[in-house]
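Student: sequence and predicted structure are below.
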4 protein chains.
Amino acid sequence: MLGKLFKVEFYGESHGDGVGTLIYGCPPGIKISEEYIASELAKRRVKDPKISTQRFEEDRFEILSGVFNGYTSGAPINIFIYNRDVDSRHYREFRYKPRPSHADYTAYIKYHGYNDYRGGGIFSGRLTAAMVAAGAVAKKLLKPYGIEVLAHIYSVGKLVVGEDIDIKLIRENVYRNPVRCADPEAIDKVYKLITDVRREGDSIGGVVECLALNTPVGLGEPPIDTLDGDIAKAIFTIPGVKGIEFGLGFKITMLRGSEANDPFIVRDGKILTEKNNSGGINGGISSGMPIRFRVAFKPTPSIYREQKTVDLKTLEETKLKIRGRFDPCIAIRAVPVVESITSIVLADHLLRWLSWEKYIGDIDG
Amino acid sequence: MLGKLFKVEFYGESHGDGVGTLIYGCPPGIKISEEYIASELAKRRVKDPKISTQRFEEDRFEILSGVFNGYTSGAPINIFIYNRDVDSRHYREFRYKPRPSHADYTAYIKYHGYNDYRGGGIFSGRLTAAMVAAGAVAKKLLKPYGIEVLAHIYSVGKLVVGEDIDIKLIRENVYRNPVRCADPEAIDKVYKLITDVRREGDSIGGVVECLALNTPVGLGEPPIDTLDGDIAKAIFTIPGVKGIEFGLGFKITMLRGSEANDPFIVRDGKILTEKNNSGGINGGISSGMPIRFRVAFKPTPSIYREQKTVDLKTLEETKLKIRGRFDPCIAIRAVPVVESITSIVLADHLLRWLSWEKYIGDIDG
Amino acid sequence: MLGKLFKVEFYGESHGDGVGTLIYGCPPGIKISEEYIASELAKRRVKDPKISTQRFEEDRFEILSGVFNGYTSGAPINIFIYNRDVDSRHYREFRYKPRPSHADYTAYIKYHGYNDYRGGGIFSGRLTAAMVAAGAVAKKLLKPYGIEVLAHIYSVGKLVVGEDIDIKLIRENVYRNPVRCADPEAIDKVYKLITDVRREGDSIGGVVECLALNTPVGLGEPPIDTLDGDIAKAIFTIPGVKGIEFGLGFKITMLRGSEANDPFIVRDGKILTEKNNSGGINGGISSGMPIRFRVAFKPTPSIYREQKTVDLKTLEETKLKIRGRFDPCIAIRAVPVVESITSIVLADHLLRWLSWEKYIGDIDG
Amino acid sequence: MLGKLFKVEFYGESHGDGVGTLIYGCPPGIKISEEYIASELAKRRVKDPKISTQRFEEDRFEILSGVFNGYTSGAPINIFIYNRDVDSRHYREFRYKPRPSHADYTAYIKYHGYNDYRGGGIFSGRLTAAMVAAGAVAKKLLKPYGIEVLAHIYSVGKLVVGEDIDIKLIRENVYRNPVRCADPEAIDKVYKLITDVRREGDSIGGVVECLALNTPVGLGEPPIDTLDGDIAKAIFTIPGVKGIEFGLGFKITMLRGSEANDPFIVRDGKILTEKNNSGGINGGISSGMPIRFRVAFKPTPSIYREQKTVDLKTLEETKLKIRGRFDPCIAIRAVPVVESITSIVLADHLLRWLSWEKYIGDIDG
């Protein structure tokens, strides 16, 4: 479960009936239309077989509970998204010939062979549809407080295209191009790189950057439930994540304190920092500056080139040539997922923050 | 609270009575001597004022509960570590003149000014003594299973000294030199860099690498409670962390799948991978290969150079010149803390894993 | 969420699409057939309109996730039970004229009027179908350990029919008669009492007794997560519960220690107690003796007699005459629900217990 | 851990260094003086050896963390209460000769003999000092909202003295007499009964009633985290509890719905119920009427009469004659403990409630 007050679970498998999310603790009175959920789910789909999987899911869903007359009712919300375009033919092979760097092997051992291996089971990118559905609800909670979460492609392979991007560009462009870039001039370069990689039967990694704007000062509950820690844990639910860094991240380790520190300034009577090397979080608590972090996605482990593996039944080394349908760069389709997961964590911390912030307090009782 | 079965809390403040840890859920019958806890706490102390804080705490502690006749009793364990060498003179100033990139400001706002600002309160590195005490207990749980957790300095500033280090060197050297390096040839270089930085009244960042050896295959509970996610969340409880990456981490985003993937091989009848770019975790589950991750520590925000800040009472911009006692490179002293936090997470996941692994199972009931 | 390892959520509304349960943390390899779930759900249905509601649900369900090839896969299990026989005509009135002693009023205030009031929404007995579905899975976990959970009607109104009943009778008779009595001679009396009450347009309370046999010694995690406390919390999720007592319960308060205490004895080399006034739990930990507790169910608040209420819009006192379909004695249909909820708690504590019990331990490490 | 936002742990043993509580999540700015904590702890002490244990603890304590300059700081609060008057002479015997109906046996098995058996270890009434300390903090949180929690002796043995007592009497009298009765005329009768029981070397059970006044409508988070369920679970942390019932409790099972239901009325523009058979909770949510419940305490299992037990080393039946110092009626000293535990649960639910109640909501976002 993610969260303490706005609590979220994911369930479902890639080639089962579908995937879904159960949200427990959403306040009542939040307007949720099917059109809205559908529009958020659409952000996850990239209908371009040259840079995305050939599996096209229309993401038909049902809100099974918790929404009444178009508004959240205060009851647990269950959104179920049907699987339709399922092709399990190629997966039987992976059961006993695990794909390198995929979860096939760890799952086989952990679940004693009982796991649903078809399409990667719970480890499939398909689960991210459920994450986006939950994120859609979470974003609605953030909206009255003006909190906005934006993600975009920071880099693909060695091609960095998202450094110091104007927020307006992110807001406007990301979902208008299939490679989720904010800078219009980057689109063709990224597109070409990914199609080249795909043509070679290979895949490539990438970095997604995420910003959360207008968070109040004070989200996060150190010493243990820090805001960055809770974001990090949640981000690792997304398949393919290998790292996360806030603000300058690993680069800050190369700096002196005198370079790294963010001096405080006053603008229009508000306390800000001149720079934001901290990425909007200090001591595990949001500072009011934009929260900024980057997430490392590995190359899709499923590639079409022959690879070495082991036969789990005979314990002999063997070869594997994967067929099936895969994204050549999972970072691309992860962009709205990172947004969603971040929104889920922020919605939860917003509710926790309200409980202290609106507490009457002690009149020297 | 960290953990679901082996549950850990931290408490205490830098300049209060002391800091401590409460552990709920530790199995009975684990031998815990005061000497052992003391020896673990000693790893956190670097008695060299040129590269560490001038605050020297002897870390006198008491096991207030949960250990009986030298063994864990199954009851909650509370270990309290006294503060002795406390000098709060210089902190009153920071209350209303927050140190850039420190938690002074976020804490002041979140806690409405009621927080114990002395010595950084709960945001102080002092809290890591409690983390090491809890980690000491956790390590004892891992030992019968042969699980070993090792950390060392990977880099300080731009000086990388810990790449591809032989595990033997880590095991032997790290706690025999004040800069926690595994490579004997790196010690002087790191020492010089840090003393230079200190002399300039500045601080510097660094990266700590951590390895966990001999974990069973199967730790981690996806889709939500992944092993990497739980480690990440826990690591962010350590002051100064700005990022975490597993295996190749951010570098893997630059690779093709064909380069990044870890082919399976068989050695002595055991399934291994040829490389370990994944860092021992796939799909949120341990693979049996060494778990390997790196943690980015920012430069200590408390530096002796004059900095810009804001007076919280007048809302005017002002200057701050910090006095007090600080580590010039918190990464150094974080080495045993990263080990401890990782051990805590692994001990918890080990117990969770046992509950499934030792479950009799269904005989077609 | 109920549980720490075997974690259960309920969702759905009485007159929405359906109700369901999400189970996170069920070990893999447990055989779960649709026939089995259906047979457990059937225990909840009493197809006799004289003593039960006229709403007849066939409880058609789907296992949406987590079961693969007939066995639990280790992934989250979602079981969804469709609502079919829905008649919401009479509920609009209750929205602003809350039924006395029902949740209409508290829900209206808590959820600011956004709650799904139809059929009682989440407060309906309909939710207990989800509880029984989750309990069905839980029972499967208990079976290999020989743990058996049995419930029966202890009393209806002032008619006590279930004191000191032979366990064999409970096992054999409860689901063979519509009033869930273990004693065959009690059936007619209870049946007559309930039909009389129904004819008068009234309802009546009752007590359900539950036994759990063959639990290992050691379930429960005091000082906080006691076994009796966790059972109690879970039991209060069942609509209409007003109390729970273990062993002699409230009667033990009238005794002297010399009468109440359970002397230890040895039988066939096993430590037992001569009596079981403690109800199988001491210090929050199972003793190995049968766990025995009773649950108080209030009379169904929905009765056909005219009652005083308040118009929530005008804040004026008014009258309410309820139409609709209700159980005259919810205790009857609660029998399998009490069994199910108890099984859920025991399955969770069984897994927790395994994690300690199977821990290798410390060889003076 | 009790609670989700106001989170409470207890630790310590009867004959160890002391007992304590760790509170995580208490809002900052609550005035906490040592005098206040001391005055609450004093309520738990009954300095009359005729009706209470001969162990007299002065309950010297230290607030180890979380309170700064007399106010909660927002950091985890740790209160440690020293054990002083410890006499462990008589306990060695119980280690292998478990006291009937005490936790000696279940603890020995669960903790594999490593448990601190002295004075009952964690199962001792001594732990309730920690509960009262945590409750003292919780009460402070409730005060600005006008919420008041009151407990008193409802019955001792068959002597019922606390039915339908005027709230004023409870408020004024309970802590002014050693038997925690609200009705002044009951004091002598209860006192005599307990001293008689003690003289006979025996013990006796009792019932504690608790009221919570002025709770807002809406505390509780069904379908799972009901207010009554959370109170029940928490109450079972108190040693000796065998049952809990809300409102009419088990008696309501004997009634018809037409007798049991609480009709709504309007008084001074406020919606109330004519009666309060529901005990202030419907559907797991507080109704605004006084929350009223009763808790069954068994007779102290430690009595001075010879009892049958089993030697755990030889597995042979044997006799036990207990020496040591015990309360003849634990219900008496449980009165402030029930108040404290209830306050802890209400403080947590109050904070949860604020997070929804103060949520801005959706302006058709």
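Tutor: Now that the structure is in, tell me what you want to look at.
Student: and the residue of the stretch 201-350 of chain A found nearest chain C, how many neighbours?
Tutor: For the stretch 201-350 of chain A and chain C, the shortest gap (CB to the nearest CB) falls at residue A:237, measuring 12.4 Å. Glycine gets a C-beta too; all of them are placed from N, C-alpha and C. Around residue A:237 there are 24 other residues, counting by other CB atoms under 10 Å in any protein chain shown.
Student: how would you label it: helix, strand or coil?
Tutor: State at residue A:237, reduced to three classes by DSSP: H, G, I helix; E, B strand; the rest coil: coil.
Student: quick one: pLDDT of it?
Tutor: pLDDT recorded at residue A:237 is 98.
Student: now it: how far from chain B?
Tutor: 6 Å (CB to the nearest CB, to the nearest Å).
Student: might one say that that residue is in contact with residue B:229?
Tutor: Yes: counting by CB atoms under 8 Å, residue A:237 does reach residue B:229; the two are 6.3 Å apart.
Student: how far off centre is stretch A:234-250?
Tutor: Stretch A:234-250 sits 9 Å away from the centroid of its parent chain (CA atoms, centre = their mean, to the nearest Å).
Student: need the contact partners of the helix-or-strand element of chain A with minimal mean pLDDT.
Tutor: Of all regular secondary-structure elements in chain A, judged by mean pLDDT, DSSP states H and E, the least confident is helix A:92-96 with a mean of 84. Contacts to helix A:92-96, defined as CB atoms under 8 Å, 6 or more residues apart in numbering or on different chains, come from residues A:102, A:104, A:108, A:113, A:117, A:311-313, A:320, A:322.
Student: list the buried residues in that helix.
Tutor: By neighbour count on 16 or more other CB atoms under 10 Å in any protein chain shown, the buried set for helix A:92-96 is A:93-96.
Student: ok, now stretch A:211-230?
Tutor: A:211-213, A:215-230.
Student: and the end-to-end length of it?
Tutor: Criterion CA to CA, to the nearest Å; first-to-last residue distance in stretch A:211-230 is 15 Å.
Student: and it, average pLDDT?
Tutor: On average, stretch A:211-230 scores 98.
Student: ok, it near chain B or not?
Tutor: Yes: for stretch A:211-230, a contact with chain B is found by CB under 8 Å from any CB of the partner chain, at A:217-218, A:220, A:222-224, A:226, A:228-230.
Student: and the gap between the nearest residue to residue A:12 once chain neighbours are set aside and residue A:55?
Tutor: Using CB to CB, 6 or more residues apart in numbering or on different chains and skipping the chain neighbours, the partner closest in space to residue A:12 is residue A:19 (3.0 Å). Residue A:19 is 13 Å from residue A:55, where distance means CB to CB, to the nearest Å.
Student: one step back: wait, which of the contacts of helix A:92-96 is closest to residue C:126?
Tutor: Lowest distance from residue C:126 to those (CB to CB) belongs to residue A:117, with 35.8 Å.
Student: could you pull up phi and psi at the closest one?
Tutor: Residue A:117 adopts backbone torsions of phi -80, psi -10, taken as degrees, to the nearest 10.
Student: same thing with the one 10 residues further on?
Tutor: Geometry field for residue A:127 lists phi and psi as phi -60, psi -30, criterion degrees, to the nearest 10.
Student: I figured residue A:352 hits residue D:356, correct?
Tutor: No: taking CB under 8 Å as the definition, residue A:352 is not a contact partner of residue D:356, at 11.6 Å.
Student: between these two, point out the one with more neighbours.
Tutor: More neighbours surround residue A:352 than the other of residue A:352 and residue D:356, with 26 against 23 (other CB under 10 Å).
Student: confirm that residue A:190 sits in a helix.
Tutor: Yes: judged by three-state DSSP, residue A:190 forms part of a helix.
Student: OK, contacts around the nearest residue to residue A:359 once chain neighbours are set aside?
Tutor: Excluding its sequence neighbours, the residue lying closest to residue A:359 (CB to CB, 6+ apart) is residue D:27, at 4.8 Å. Residue D:27 makes contact with A:356, A:359, A:361, D:72, D:74, D:141, D:351, according to CB under 8 Å, 6+ apart.
Student: could you look up the SS state of residue D:27?
Tutor: Per three-state DSSP, residue D:27 ends up coil.
Student: need phi/psi at it.
Tutor: According to degrees, to the nearest 10, residue D:27 has phi -60, psi 150.
Student: what of residue A:129?
Tutor: Per degrees, to the nearest 10, the backbone of residue A:129 is at phi -60, psi -40.
Student: shouldn't it be in contact with residue A:43?
Tutor: No: checked against CB under 8 Å, the pair residue A:129 and residue A:43 is beyond contact range at 10.7 Å.
Student: comparing these two, which residue is more hemmed in?
Tutor: Using other CB under 10 Å, the more surrounded residue of residue A:129 and residue A:43 is residue A:129, with 28 against 19.
Student: with adjacent residues omitted, what lies nearest to that one?
Tutor: That would be residue A:81: by CB to CB, 6+ apart, it lies 4.9 Å from residue A:129.
Student: what does residue A:313 give?
Tutor: residue A:96 (5.2 Å).
Student: need the overlap of contacts for residue A:129 and residue A:43.
Tutor: Common neighbours of residue A:129 and residue A:43 (CB under 8 Å, 6+ apart) do not exist.
Student: burial check on the spatially closest residue to residue A:83 that is not a sequence neighbour, number of neighbours?
Tutor: Using CB to CB, 6+ apart and skipping residues adjacent in sequence, the residue nearest residue A:83 is residue A:18, 4.8 Å away. Residues near residue A:18, counting by other CB under 10 Å, number 25.
Student: next: residue A:170.
Tutor: 20.
Student: just checking, it touches residue A:150?
Tutor: Yes: using CB under 8 Å, residue A:170 is in contact with residue A:150, at 4.8 Å.
Student: what do these two both touch?
Tutor: residue A:211.
Student: residue D:361 is in contact with residue A:144, correct?
Tutor: Yes: contact status for residue A:144 versus residue D:361: in contact at 6.4 Å, counting by CB under 8 Å.
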